[in-house]
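In: Only the shape, not the letters, is given here:
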């Protein structure tokens with residue numbers, strides 16, 4: 001998911017709405033509202049007190065009536081329901097859809113069992129990340145994947161360009177973009193028990209990264225046990241005409257414990273979970289190896305290559321990258337994107353890509369890129385915020401332990 005500083009933006013809007021003429025502030029932040037796309041849940045959000053902001057060309061809720069801090073904690077203690085319909089779901093079909101996709105991503109797609117998925121990275125010719133995506137092998141001739149809203153246009157153009165060339169050589173692959181569907185993310189410890197009220201499928205038999213096409217609340221849904229918070233949970237692709245009813249049913253069955261949650265808390269949750277935000281922590285010039293996503297490069301792919309940028313990526317796997325993504329805990333004000341990172345002698349060793357105050361840990365947390373060797377846990381650093389250096393320490397991620405539902 002793309003879009004840095006969401007947590008800060010939410011806090012800024014809250015402060016300004018509290019302090020200033022609300023109409024003037026609303027004009028400033030929401031002036032382009034008429035030009036923005038809206039999800040089918042837009043009116044539902046507004047009715048529930050959402051503060052809507054422009055995000056990747058969409059009008060999206062950054063927070064509701066509770067604070068971003070409270071929303072973040074509630075997700076980990078109870079549960080959250082996010083509208084992520086701005087993200088782009090698509091299906092690849094045909095007997096050659098797997099070899100086609102493997103030209104574009106680092107995952108061993110062929111090795112996935114039907115009904116399972118994984119996080120992967122679309123790479124460019126230089127080994128940099130075009131986008132990260134959760135891909136699922138529905139069956140051998142059907143792949144379902146979701147790409148980030150801010151990357152939609154370039155991702156679809158990239159896939160289409162390569163698909164034309166692949167088909168020209170006789171490859172059997174086609175695609176469908178699921179603009180007829182909406183996407184809800186239900187996250188937190190109450191996600192499974194609440195959703196179980198709305199389906200006959202036994203959710204205890206669906207594990208992290210598993211995928212099913214099942215009936216939920218009377219609609220045929222694509223269900224993936226995944227998320228962007230570090231908590232157990234689900235992403236539910238639902239026909240758009242059923243999206244509002246499903247959202248209402250989830251909130252009702254939770255008896256008020258699962259709350260509608262905006263992009264501000266989603267950003268702090270993913271940072272606590274040590275997850276990359278495309279556009280901040282991953283970019284066109286950052287490789288999966290540098291980003292700490294070596295685990296996402298399949299064993300067979302490391303041996304065979306065959307994806308864009310393989311030469312550079314395989315060389316980095318052999319020799320080690322020059323920079324690495326690392327986590328930090330720091331003193332003073334929270335570090336922000338582009339804050340300089342120095343070693344204990346005051347020499348520049350990198351910069352922060354995401355940072356903020358952790359609502360769950362009550363500490364400043366951040367991630368960023370530093371020179372290899374300076375990335376090891378326990379390494380003391382200085383982080384510059386508004387020109388002043390503050391003490392920090394390299395810390396293993398995730399900052400908050402993940403709770404993915406896996407076989408025991």
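Out: That came through, no problem. Keep in mind that what you see is a predicted model, and the values were worked out from it rather than measured.

In: Tell me, what's the model's pLDDT at residue 387?
Out: On pLDDT, residue 387 comes in at 95.

In: How much space separates it from residue 339?
Out: For residue 387, the distance to residue 339 equals 10 Å [C-beta to C-beta, to the nearest Å]. The C-beta positions use only the backbone N, C-alpha and C, and glycine is treated the same way.

In: Which residue of the two possesses the greater neighbour count?
Out: residue 339 (23 against 6; other C-beta atoms under 10 Å).

In: show me the contacts for the more buried one.
Out: For residue 339, the contacting residues are 351-352, 355, 366, 368, 383-385, by C-beta atoms under 8 Å, 6 or more residues apart in numbering.

In: which one of those residues sits closest to residue 183?
Out: Checking the contacts of residue 339 against residue 183 by C-beta to C-beta gives residue 355 as the nearest, at 27.4 Å.

In: Identify the residues contacting the helix or strand containing that closest one?
Out: If you go by DSSP states H and E, residue 355 is part of strand 348-358. With C-beta under 8 Å, 6+ apart as the test, strand 348-358 has contacts from 4, 7-8, 267-268, 271-272, 277, 280-281, 323, 325, 328, 330, 334-343, 363-371, 374, 381, 383, 399-400.

In: Just the ones of the residues you listed in strands?
Out: Those of those mapping onto strands are 323, 325, 328, 330, 340-342, 363-371, 381, 383, per DSSP state E.

In: show me the residues around the closest residue to residue 405 other than its chain neighbours that make contact.
Out: For residue 405, ignoring the flanking residues on the chain, the nearest one in space by C-beta to C-beta, 6 or more residues apart in numbering is residue 232 at 4.6 Å. Residues near residue 232 by C-beta under 8 Å, 6+ apart: 187-189, 191-192, 208, 225, 403-405.

In: Now pLDDT, secondary structure and distance to residue 86 too, for those, in a markdown table please.
Out: Output for the contacts of residue 232, formatted as a markdown table (pLDDT from 0 to 100; DSSP: H, G, I helix; E, B strand; the rest coil; distance: C-beta to C-beta, whole Å):
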| residue | pLDDT | secondary structure | distance to residue 86 |
| --- | --- | --- | --- |
| 187 | 99 | strand | 17 |
| 188 | 98 | coil | 21 |
| 189 | 98 | coil | 26 |
| 191 | 98 | helix | 21 |
| 192 | 98 | helix | 25 |
| 208 | 98 | coil | 24 |
| 225 | 98 | coil | 21 |
| 403 | 98 | coil | 26 |
| 404 | 98 | coil | 24 |
| 405 | 98 | coil | 26 |
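
In: any idea how far residue 203 is from residue 214?
Out: 9 Å.

In: When these two are compared, which one has more neighbours?
Out: Each of residue 214 and residue 203 has its neighbours counted (other C-beta under 10 Å); residue 203 has more, 19 against 16.

In: thinking again about what came up before, generate a ChimeraX selection restricted to the buried entries among the contacts of residue 232.
Out: Filtering the contacts of residue 232 down to the buried ones (16 or more other C-beta atoms under 10 Å) takes a single ChimeraX command:
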select :187,188,189,191,192,208,225,403,405
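
In: Could you report the separation of the closest residue to residue 127 other than its chain neighbours from residue 316?
Out: Spatial nearest neighbour of residue 127, excluding adjacent residues (C-beta to C-beta, 6+ apart): residue 309 at 3.1 Å. Taking C-beta to C-beta as the measure, residue 309 falls 10 Å from residue 316.
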